[in-house]
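Trainee: Got a sequence here, can you build the structure:
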Amino acid sequence: MTKLAKLLFVLLFLLASSANQKCFGQDSFGLDYIDSYPVKVDGESSYFTYDTTSLAKGKFVFVVSGSRTAFFKTDGKIVIVSGLKRQAKQNGYTDRFEGSGYYITLDVSKGKKISESQTNYVGELKISQGNKVKTIKINGINEEYELNK
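Mentor: Model (predicted):
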């Protein structure tokens, strides 16, 4: 009976911890797969999805156009943000975006070359809106010429 009580205590503790995170705004909004693009995405773009989703499925949660306009979908609505700044780092980059009350940080490192014009990038996407924060591990395709030479 003691082992069962300990197991029950651990399960209740984990459940309470998970509920507590949601109360304080952690992971308090979801990202949906994008099914239509609100801006023209024509070359020099980047497409990112969850690190657990195959790129071959073409299901993306964050897209950056060649004009540095980015978008994502949450609660069924497309949110458009503008690029603020890119900071190069060894073997990758960090992009910052802002708009519609959201602040986004995309921090990625170069992975494998996919083709002459595409390279896989992996990293983290952090989206903030007020006290709500969503951070996910991502996997994506970058088509920027300068980064794929």
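Trainee: And the strands in the protein?
Mentor: Remark: strands assigned in the chain by DSSP state E are 46-50, 62-64, 69-74, 77-89, 92-99, 102-115, 118-129, 132-142.
Trainee: now the angle from the third one to strand 46-50?
Mentor: On the basis of axes from the mean of the first three to the mean of the last three C-alpha atoms, to 10 degrees, strand 69-74 is oriented at 20 degrees to strand 46-50.
Trainee: Give the other helices and strands that strand 69-74 contacts.
Mentor: Packing contacts for strand 69-74, counted by 3 or more C-beta pairs under 8 Å, 6 or more residues apart in numbering; DSSP states H and E, involve strand 62-64, strand 77-89, strand 102-115. Where you see a C-beta, it was placed from the backbone N, CA and C, and this is true even at glycine.
Trainee: cool, the last one as well?
Mentor: Taking 3+ C-beta pairs under 8 Å, 6+ apart as the contact definition, the neighbouring helices and strands of strand 132-142 are strand 46-50, strand 102-115, strand 118-129.
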